[in-house]
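A.B. asks: okay, predicted coordinates and the sequence, questions at the end:
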Amino acid sequence: MKSDIESVLISQKELNRIIARLAAEIERDYSAPDKRLVLVSILKGSVMFAAALMTALKIPAEIEFMRVSSYGAGTVSSGNVRILLDFYRPDISELDLLIVEDIIDSGHTLSSLTKLLNERGARSVRSCTLLDKPERREVPFEPDYTGTVIPDKFVVGFGLDYNEKYRNLPFIGVLKPEVYSAPERPSMSIMKGNPTTK
Ligand code: PRP
């Protein structure tokens with residue numbers, strides 16, 4: 001796998017440092033006794049980040065999972081999301097939800113999910129992303145907690161994939177262009193977003 005990586009963008013050590021800083025910020029905001037912090041991990045990309053963040057938190061935190069996919073596969077822009085895996089909490093009005101993402105790109109996923117979870121009556125809905133690619137934004141959305149801003153490069157590792165590969169790399173790396181432009185790969189038309197950068 002490592003031979004497919006052009007460069008390491010964020011090392012394992014740097015990831016740990018970023019996650020510790022995010023956990024401290026979240027602890028500061030959710031430490032009041034009346035808070036009920038529930039991480040909502042968006043599968044599959046956020047699984048490593050959500051687990052590491054949860055472990056770094058020194059305050060009580062529950063976890064739920066969702067999996068979503070953009071409508072209109074193959075299009076760069078999609079204003080809505082399809083829910084592939086959902087969670088149900090009858091006590092949602094007492095919960096402070098924190099959506100946990102590996103990356104925000106166009107902004108459609110976080111924008112749509114924030115709206116949806118607010119409509120379901122959560123006491124509060126905030127979002128935390130490990131990576132932010134602001135250059136790619138199609139809808140205005142700013143996460144409440146951001147690990148780091150990255151350039152518009154095709155990144156993989158620590159949950160992020162290309163064709164389901166590289167998620168288990170322990171760092172964030174930039175994929176070599178020849179890997180995703182190789183002719184034997186599946187058609188890019190089935191991929192969401194701009195395949196040259198994500
Ligand atoms: C990625 C990422 C976010 C979403 C962000 O998921 O994990 O959920 O895209 O993109 P957006 O800001 O343009 O909406 P992806 O659909 O690649 O699925 P995966 O997490 O299962 O790899």
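C.D. replies: Nice, I can see it. What you are looking at is a predicted structure, and each value in this text was computed from that prediction instead of being measured.

A.B. asks: outside of the lengthiest helix in the chain, which residues touch it?
C.D. replies: Under DSSP state H, the helix in the chain containing the largest number of residues is helix 12-30. Under the contact criterion CB atoms under 8 Å, 6 or more residues apart in numbering, helix 12-30 has outside partners 10, 37, 49, 52-53, 56-59, 61, 96, 98, 128, 130, 145, 147-148, 158, 170-172. Where C-beta positions appear, they are placed from N, C-alpha and C, glycine not excepted.

A.B. asks: contact residues of the protein facing the ligand?
C.D. replies: For the chain, the contact set with the ligand under CB under 6 Å from any ligand atom comprises 42-46, 101-109, 161, 192-193.

A.B. asks: filter the contacts of helix 12-30 down to the ones in helices?
C.D. replies: Among the contacts of helix 12-30, the residues falling in helices (DSSP H) are Phe49, Ala52, Leu53, Ala56.

A.B. asks: using PyMOL, define a selection of the buried residues within the residues you listed.
C.D. replies: To isolate the buried ones among the ones in helices among the contacts of helix 12-30 in PyMOL, judged by 16 or more other CB atoms under 10 Å, type:
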select buried, resi 49+52+53+56
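
A.B. asks: could you look up the SS state of the residue nearest in space to the middle of the chain?
C.D. replies: In the chain, the residue lying closest to the centroid (CA atoms, centre = their mean) is Glu101, at 2.0 Å. Taken by DSSP: H, G, I helix; E, B strand; the rest coil, the conformation at Glu101 corresponds to strand.

A.B. asks: per-residue pLDDT, it?
C.D. replies: Looking at Glu101, its pLDDT stands at 98.

A.B. asks: so who does it touch?
C.D. replies: Shown in contact with Glu101 (CB under 8 Å, 6+ apart): Ile42, Gly45, Ser46, Phe49, Thr109, Leu110, Ser127, Cys128, Thr129, Leu130, Pro143.

A.B. asks: any chance of the residues you listed in a markdown table, with pLDDT too?
C.D. replies: Output for the contacts of Glu101, formatted as a markdown table (pLDDT from 0 to 100):
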| residue | pLDDT |
| --- | --- |
| Ile42 | 98 |
| Gly45 | 97 |
| Ser46 | 98 |
| Phe49 | 98 |
| Thr109 | 96 |
| Leu110 | 97 |
| Ser127 | 98 |
| Cys128 | 98 |
| Thr129 | 98 |
| Leu130 | 98 |
| Pro143 | 98 |
